[in-house]
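Asks: Need the 3D shape of this:
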Amino acid sequence: MFKRITNPLLSILSSSRASSIRSFENVRLFKISRTGFQSRMSNSFTQHLQKLSIQDPPVLEGSHPDVNVVDLMRNYIAQELAKISGVDAAAIYPALEWTNTLDRGDLLIPVPRLVRQKGINPKAIAEEWAQKFPTGELVGEVESNGPFVQFFFNPQFLFHTVVPDILTRKEEYGACKFVENKKVLIEFSSPNIAKPFHAGHLRSTIIGGFLANLYEKCGWEVIRMNYLGDWGKQFGVLAVGYERYGNEKQLAEDPINHLFEVYVRINKDIEAEGGSLPESESTDGKARQYFKRMEDGEPKALALWRKFRDLSIERYIGTYARLNINYDVYSGESQVSKESMDKALKLYDEKNLVHMDRGAKLIDLTKFNKKLGKVIVQKSDGTTLYLTRDVGAAMDRYNKYHFDKMIYVIASQQDLHTAQFFEILKQLGFEWAKNLHHVNFGMVQGMSTRKGTVVFLDNILEETKDNMHEVMKKNEVKYAQVENPDEVADLVGISAVMIQDMQGKRINNYEFKWERMLSFEGDTGPYLQYAHSRLRSMERNVPDITVEDMKKADFSLLTEPAAVALVRLLSQYPDVLRNALKTHEPTTVVTYLFKLTHQVSSCYDVLWVAGQSKELATVRLALYAAARQVLYNGMKLLGLTPVERM
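Replies: Have a look, this model is predicted:
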């Protein structure tokens, strides 16, 4: 399968774990011919194996060695370990796990996943496999650790492949086409017209934007949908309120805030009236009458509602643009046709799902899942509920888009509703119902402006921008070099809000903390921006070294443990995206970026560029440039805009 190199290019290491290959301190790194790797970088890692007279390992199912050096190594390790263990390479490949700390290797395999016979000692097998596994040009060392076998890649192989690949592929590094001709529809954000864009909508927006970017990088065609709360009796309330308190000028200038103020005032009127007035004279009764006119399709009533909707969407578009989000579709509850809901009700009857209870139609879902309970799908007065509207909307979407997957980014408070909705679609016999996914998330606690006022997203973003601007002004020299300080302050402020949101697992609640969020120290959005701008500054300070120079650098000069640790982290980035795709967790990427930036910071003390020979400066700058590119890619994936100076 492989042509083995007879003269080992990697020296034997000390057996002491203190001088392990984890830091590669005692390794005599081999030097690869500069006419091979360094002559010209190809987009395919496998071509580099040919330079070493090694045949490409067979491409196992699920691997993409042309864009992921770790996949290339998985294929290689699977083939070599198959020879030693007698286990099929196809079984070994998926058992090779990504490590979360570098001291555990670049890949590891738990022996019990491959050998399950009784009486077998996994620890002894791990030791045997580690001793027998050949080390050399690709794998530097193999260690056993209890029932695990840990594989450490040869750092020079990584330097000569990963760094030039990043500098060549640039923004495409990490991307991989995992699927062909697959379409995913992602519904996220979904605020209610004329109400504050509250913390729950912010979380849905940030998570949904990240997922949309991630799926695109992984080869999917993505449809971004905003399903607005734009229908219901509350619009009758709002219309009556606007007739009483509305102002055309204020509506045009700031539709969402003005409509919210009107909505609050009219609801106070309803509360004050109580039940003291006849239905026809009460504010609440007039609101019901207005919404009835909307449902009946009266042009005048619909014209005012449409005006509210259009002005609100126009304002939302500006806010979403600040978060780097553009929607393909602005849908909403109003877009679900009566025909679709009638079709859903008919299907309920045809599938014998409904029964009557005091004039209302119910579906008993406990027959399929005891936790789902019973749900009303039509009230006794004939009006439908959200559940039926959601069923109708899902049918409409499948008929229009023929998606392969649909993701709903909705708060965890809606877990039961979403599970009920999915189960109903399944019981209606729709094959595509199995491709619906609920990505849920916890609550934001304590989110308000510093003055404690009602939370509008724009208020939060403006306040973070102002705070960042003040921090930037403290360094007068650097501030003078920033061409557009207001824009930079906005971008850094948005990073602060978004990274605080994405730092923990999405299902967890978190407390909104201004002081922590705005800090340039520790794991925050501003720290990531600072790390990026510092790396960019380093590139600007050496204008005579070109990208082509860096691709051809003499990577054998990089022997420092800090440099080795950094290139190992850079090689992991494509796997980070793959892992995030499985978990739908933004924190997978966020955690990786902080690891990366911390390691870059460690390199500054030992890998100087200024004052070095041209050859040494070039190779070190190449490593820093690759790190900056991966940091840039990860930040863009999260929805951030990396800044050049700050």
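
Asks: Any idea how many residues pack against Leu518?
Replies: Neighbour count for Leu518, taken as other Cβ atoms under 10 Å: 21. All C-beta atoms are positioned from the backbone trio N, CA, C, and that covers glycine.

Asks: Would you mind giving both backbone torsions of it?
Replies: phi -90, psi 0 (degrees, to the nearest 10).

Asks: And Val184, by the same measure?
Replies: Dihedral angles (degrees, to the nearest 10) for Val184: phi -120, psi 130.

Asks: Excluding sequence neighbours, find me the nearest residue to it.
Replies: Leaving aside its chain neighbours, Val184 sits nearest to Lys405 (4.4 Å; criterion: Cβ to Cβ, 6 or more residues apart in numbering).

Asks: State the number of residues packed around the one you found.
Replies: Lys405: 17 neighbours (other Cβ under 10 Å).

Asks: swap in Asn267?
Replies: Neighbours around Asn267, by other Cβ under 10 Å: 17.

Asks: which SS class is it?
Replies: Per DSSP: H, G, I helix; E, B strand; the rest coil, the local secondary structure of Asn267 is helix.

Asks: I'd like to know how far it sits from Leu616.
Replies: Between Asn267 and Leu616 the distance is 70 Å, computed by Cβ to Cβ, to the nearest Å.

Asks: host element of Tyr631?
Replies: Actually, residue 631 is Leu rather than Tyr. helix 614-638 (DSSP states H and E).

Asks: Which elements pack onto that helix?
Replies: helix 155-169, helix 199-217, helix 485-502, helix 525-540, helix 547-551, helix 561-583, helix 586-604 (3 or more Cβ pairs under 8 Å, 6 or more residues apart in numbering; DSSP states H and E).

Asks: buried set for the first one?
Replies: Within helix 155-169, the residues that qualify as buried by neighbour count (16 or more other Cβ atoms under 10 Å) are 155-167, 169.

Asks: hmm, back to that, measure how the helix holding Leu631 sits relative to helix 525-540, angle-wise.
Replies: Here helix 614-638 runs at an angle of 150 degrees relative to helix 525-540 (axes from the mean of the first three to the mean of the last three Cα atoms, to 10 degrees).

Asks: Now do helix 614-638: distance to the chain's middle.
Replies: Averaging C-alpha positions (Cα atoms, centre = their mean, to the nearest Å) puts helix 614-638 21 Å from its chain's average.

Asks: Could I get the average pLDDT for that helix?
Replies: What helix 614-638 shows for mean pLDDT is 98.

Asks: Pull out the buried residues from that helix.
Replies: 616-635, 637-638.

Asks: Run through the helices of the stretch 401-550 of the chain in chain order.
Replies: 415-427, 457-473, 476-481, 485-502, 514-517, 525-540, 547-551 (DSSP state H, counting those that start in this stretch).

Asks: now for the last one, which elements pack on it?
Replies: To tie it back to what came earlier, the one meant is helix 547-551. Packed next to helix 547-551, using 3+ Cβ pairs under 8 Å, 6+ apart, are helix 155-169, helix 614-638.

Asks: if we can go back for a sec, quickly compare the helices of the stretch 401-550 of the chain and say which is most buried.
Replies: Counting by mean count of other Cβ atoms under 10 Å, helix 485-502 has the highest mean neighbour count of those, with a mean of 23.

Asks: Residues contacting stretch 70-83, please?
Replies: Residues outside stretch 70-83 that contact it (Cβ atoms under 8 Å, 6 or more residues apart in numbering) are 1-2, 45-46, 49, 57-60, 63-65, 87-90, 92-93, 96, 98, 106-107, 109, 129, 133-134, 138-139, 149, 151, 153, 571-572, 574-575.

Asks: one more time with 6 Å, if that's ok
Replies: For stretch 70-83, the external contacting residues (Cβ atoms under 6 Å, 6 or more residues apart in numbering) are 1, 45, 57, 60, 63-65, 89, 92-93, 96, 138, 151, 153, 571, 575.

Asks: just stretch 91-106 next, same as before
Replies: Contacts for stretch 91-106 (Cβ under 6 Å, 6+ apart): 22, 60, 74, 78, 81, 107-109, 113-114, 150-153, 565, 568, 575.

Asks: Among those, which ones are in strands?
Replies: Per DSSP state E, strands hold the following members of those: Leu107, Leu108, Ile109, Gln150, Phe151, Phe152, Phe153.

Asks: got a markdown table for those residues, with pLDDT, distance to Arg293 and neighbour count too?
Replies: Formatted as a markdown table, these follow (pLDDT from 0 to 100; distance: Cβ to Cβ, whole Å; neighbours: other Cβ atoms under 10 Å):
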| residue | pLDDT | distance to Arg293 | neighbour count |
| --- | --- | --- | --- |
| Leu107 | 98 | 65 | 20 |
| Leu108 | 97 | 66 | 19 |
| Ile109 | 97 | 68 | 25 |
| Gln150 | 98 | 70 | 22 |
| Phe151 | 98 | 70 | 27 |
| Phe152 | 98 | 72 | 27 |
| Phe153 | 97 | 69 | 27 |
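
Asks: returning to that earlier point: just the buried members of the contacts of stretch 70-83?
Replies: Restricting these to buried positions leaves 45, 57, 60, 63, 65, 89, 92-93, 96, 138, 151, 153, 571, 575, with burial counted as 16+ other Cβ under 10 Å.
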